[in-house]
Structures are given as C-alpha cells and as structure tokens.
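Chemist: have a look at this prediction, sequence included:
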Amino acid sequence: MEVEKTKIDGLLIIKPNVFKDSRGFFLESFNIEKYKKFFGSVSFVQDNLSHSMKNVLRGIHFQTPPFGQGKLVQVVQGEVLDVVVDLRSKSKTFGQHESFLLNDKNKHQLWIPEGFGHAFLTKADNTIFSYKCSNYYSTANEATLLWNDPQLKIDWGVENPILSQKDNEGKLLNEMQTYF
C-alpha cells in the first residue's frame, strides 16, 4: 500500500496493493492496523454505496458537529471526479479544494478527515461509489455548499451536471457558518 499526502493537510490518497492474475484481482480495501499508521485509529460506523449515471454531481456535503464525519471513499465501478473542500476555519488552506480522479482501474482511495466538504461528479454510466463513515448520518446536521460557488472556482469539466434540489440550493462559502 502506498499513501500520498496532498497539498491540504490531513487529506490522503491511498493506493492499495492490487494482486492480479488470470482470474481477476484481489485487494485489501481496509485494515485498521495498516490504515491507523496514516490517519489514526478510526472507528467506521456506517458504510454507504451510491449508484449514478454519467454527469451526476453529488455534493458538496458535510456533517456539522457533533456528527462530523471522516470518510474513506473509493469507486467500485466506473469513474468520478472527487472534490474535497477544506472547511477548517483555522487551516491555512481554508476554502481551498483539491480534485482527484478515482476509478475502478486505478482503485485509489481517498481519506477525507472531518472538517471537509465532499462532492463527486460521475464520469461514467453505472458508477458505484463506496464510502466508509466515522460517524452516523444526521439529517439535522447535514450542510451543503453550492457546487458552483464562484469563490471555490472548481472546474467540474461539465456545464450542466445532473443535480438534486438540495445540491442546487447549497449555500455559498462566505454565507456559511464555520463549524470546524
């Protein structure tokens, strides 16, 4: 397993060892003893899967305290442009984002600590996205940043993504209370 730091502190790209042969492949998608070396001892309490057609944009979501979530995300099938926004008010990278291409070919994972907004745009039909969460989902603690906030300057690579009403009505970063 190879782990790469990103320009935003705490955000990690994880490249699992993939063992391929004529039958297919095998990889270990999570092992607490190995992963805690990189992001500490975390207890995942909820696993989620989403299935989407091409050009679906989900996010930019986060959970406010006391239901903040760390997430370990990966693509099981298909491809996404994964975008993470630093919402930690005391961070030197507050309001900055990074984008990553995750797919079923590279099998990369992304560790997203609590205090980040998270979104992804599907780049292929029948994309299945998986994420392990360190806290339970709470409707009362869910918040959404506007996907096309001009302050964030995210290049999604598509003009009219398929959005939920909630994602189309997210708040601008400068209108949002700081929680972290």
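Modeler: Everything's here; your move. Residues are numbered from 1 along each chain as shown.

Chemist: run a quick neighbour tally on residue 43.
Modeler: Residue 43: 8 surrounding residues under other CB atoms under 10 Å. For the C-beta atoms, the positions are set from N, CA and C on the backbone; glycine is no exception.

Chemist: quick check: closest non-adjacent residue to it.
Modeler: The shortest distance from residue 43 to any non-neighbouring residue, by CB to CB, 6 or more residues apart in numbering, is to residue 134 (6.5 Å).

Chemist: which residues does the one you found contact?
Modeler: If you count contacts by CB atoms under 8 Å, 6 or more residues apart in numbering, residue 134 has them with 42-45, 69-71, 114.

Chemist: now the element after the lowest-mean-pLDDT helix or strand in the chain, going C-ward?
Modeler: The helix or strand of the chain with the poorest confidence is helix 32-39; it has a mean of 88 (mean pLDDT, DSSP states H and E). On the C-terminal side of helix 32-39, the nearest following helix or strand under DSSP states H and E is strand 46-52.

Chemist: what's that following strand in contact with?
Modeler: Residues outside strand 46-52 that contact it (CB under 8 Å, 6+ apart): 58, 76, 122, 126-133, 135-137.

Chemist: again with stretch 138-155
Modeler: With CB under 8 Å, 6+ apart, stretch 138-155 has contacts from 57, 59-67, 83, 85, 95, 97, 99, 117, 119, 156, 161, 163, 166-174, 176, 179.
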